[in-house]
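1. Provided below are the primary sequence and the corresponding predicted coordinates.
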Amino acid sequence: MTDTPDDLARRLAGVRAKRGYLLPHHGLLAVAAPKLLEAYDAAYTALALDDRTLSHHDREYVWFAILIATDEALATHHIPKFLKAGGTEAEVAQVMAVTAFGLGVRAYRFVAENWTGHLPGLDPRARYTEGAARIAGDGDPRLPLLALAAVHACRADWTALAWAIEDAYAAGVPEDDLAEALTLVMFPGSVPYFVEACAVWRRLVASGRVAAGPRYRTWAELSGQGGWDEASGGASGGAGSGDHRGSHHGPG
């Protein structure tokens with residue numbers, strides 16, 4: 001049975017009531033794919049609205065970095081959410097600095113990949129850690145490191161993401177906090193990039209470059225996570241190989 005205009009209006013009113021706003025894709029899905037709208041809404045709720053490990057304040061801090069990194073100007077609803085959760089304009093300024101640093105990390109990576117043989121006294125990797133620490137200042141380094149990891153994932157900079165994850169472990173950032181920060185990348189940053197980011201983290205754990213807890217070691221040590229290439233015996237262009245460019249393979 002075809003939905004009537006009144007049916008569509010009620011469906012969209014429910015979405016608006018839940019979120020407090022509507023975006024163009026909500027209406028299109030309501031008209032063309034109501035089951036997909038329902039599934040999308042459930043996924044978005046679990047991703048962005050349900051409480052997990054990050055506080056509302058901390059989650060919105062990471063969201064700001066992601067939105068800036070992806071040039072997502074439409075999602076202004078995150079601004080009052082952050083302020084309501086106790087965020088300040090000074091913290092937004094810190095997010096801007098963190099994101100700018102994350103977007104400019106290609107300079108550190110370029111020197112690390114090309115010039116260290118000529119500059120034996122210069123360690124771009126160490127300077128990256130120092131730069132992130134300067135932005136954090138005397139405050140908790142946890143949020144800047146979570147935001148940096150998310151920014152690098154959004155920009156498909158896998159080398160820098162590995163650095164941020166290593167620094168997060170060194171700073172004692174809880175693994176569940178890091179996991180939640182990376183999941184926020186899925187919608188604005190793309191699911192394929194989230195898949196790649198997970199592979200980078202998994203390889204760090206499996207190789208022993210970070211000392212993961214039991215739950216995350218269990219994940220990393222589970223075989224058969226290479227997707228279709230591994231299952232079919234084909235050549236693997238596996239995620240997280242260290243290349244800063246995304247492979248853009250679709251998630252299954």
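-> Happy to help now that I have it. Just so it is clear, the structure is predicted and the values come from calculations on it, not from any experiment. Numbering: from 1, shown residues only.
2. Would you map the helices across the stretch 151-252 of the chain?
-> 158-170, 175-183, 186-189, 191-207, 214-221, 227-232 (DSSP state H, counting those that start in this stretch).
3. just checking, what packs against the shortest one?
-> Helix 186-189 makes packing contacts with helix 56-69, helix 142-154 when contacts are defined by 3 or more CB pairs under 8 Å, 6 or more residues apart in numbering; DSSP states H and E. Where C-beta positions appear, they are placed from N, C-alpha and C, glycine not excepted.
4. Please identify the deepest-packed of the helices of the stretch 151-252 of the chain.
-> Neighbour counts (mean count of other CB atoms under 10 Å) averaged over each of those peak at helix 158-170, with a mean of 23.
5. orientation of that helix relative to helix 142-154 in degrees?
-> 160 degrees (axes from the mean of the first three to the mean of the last three CA atoms, to 10 degrees).
6. got the angle for helix 158-170 vs helix 191-207?
-> Going by the same axes, to 10 degrees, helix 158-170 makes 50 degrees with helix 191-207.
7. for the helix or strand where Ala39 lies, the distance to its chain's centre please.
-> Secondary-structure element containing Ala39, defined by DSSP states H and E: helix 34-44. The chain centre lies 21 Å from the centre of helix 34-44; the measure is CA atoms, centre = their mean, to the nearest Å.
8. Likewise for stretch 48-63?
-> Stretch 48-63 sits 12 Å away from the centroid of its parent chain (CA atoms, centre = their mean).
9. For it, the averaged confidence score.
-> Per-residue pLDDT values over stretch 48-63 give a mean of 93.
10. on that earlier part again, can you check which of the helices of the stretch 151-252 of the chain gets nearest to Ile68?
-> Across these, Ile68 has its closest neighbour in helix 186-189 (10.2 Å, CB to CB).
11. just the CA coordinates of that closest one, formatted as PDB?
-> Coordinates of each C-alpha in helix 186-189 appear next as PDB, following Å, rounded to 0.1, in the frame of the first residue of the first chain:
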ATOM      1  CA  MET A 186      31.400   6.800  10.200                       C
ATOM      2  CA  PHE A 187      28.800   9.200   9.000                       C
ATOM      3  CA  PRO A 188      30.600  12.500   8.200                       C
ATOM      4  CA  GLY A 189      34.000  10.800   7.400                       C
END
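12. Identify whichever of the helices of the stretch 151-252 of the chain lies nearest to Ala46.
-> Nearest of the helices of the stretch 151-252 of the chain (CB to CB): helix 175-183, 9.2 Å.
13. for that closest one, what is the average pLDDT?
-> Helix 175-183 shows a mean pLDDT of 97 in the predicted model.
14. For the closest residue to Leu23 other than its chain neighbours, the count of nearby residues, please.
-> Closest residue to Leu23 apart from its sequence neighbours, by CB to CB, 6 or more residues apart in numbering: Leu74 at 7.1 Å. If you count neighbours by other CB atoms under 10 Å, Leu74 ends up with 10.
15. Next, find the distance separating Leu74 from Arg155.
-> 19 Å (CB to CB, to the nearest Å).
16. try Ala65
-> 11 Å.
17. Over to Ser223?
-> The gap separating Ser223 from Arg155 is 30 Å, by CB to CB.
18. Could you check which of these two is surrounded by more residues?
-> Shown here are Ser223 and Arg155; by other CB under 10 Å, Arg155 has more neighbours (20 against 6).
19. Which residue is the nearest non-sequential neighbour of the more buried one?
-> Nearest non-adjacent residue to Arg155, counting by CB to CB, 6+ apart: Ala69, 6.2 Å away.
20. wouldn't that neighbour be in contact with Cys154 here?
-> Yes: in this structure, Ala69 is within contact of Cys154 by CB atoms under 8 Å, at 4.5 Å.
21. Mind listing the shared neighbours of those two?
-> Residues touching both Ala69 and Cys154 by CB atoms under 8 Å, 6 or more residues apart in numbering: Gly189.
22. Cheers, nothing more for now.
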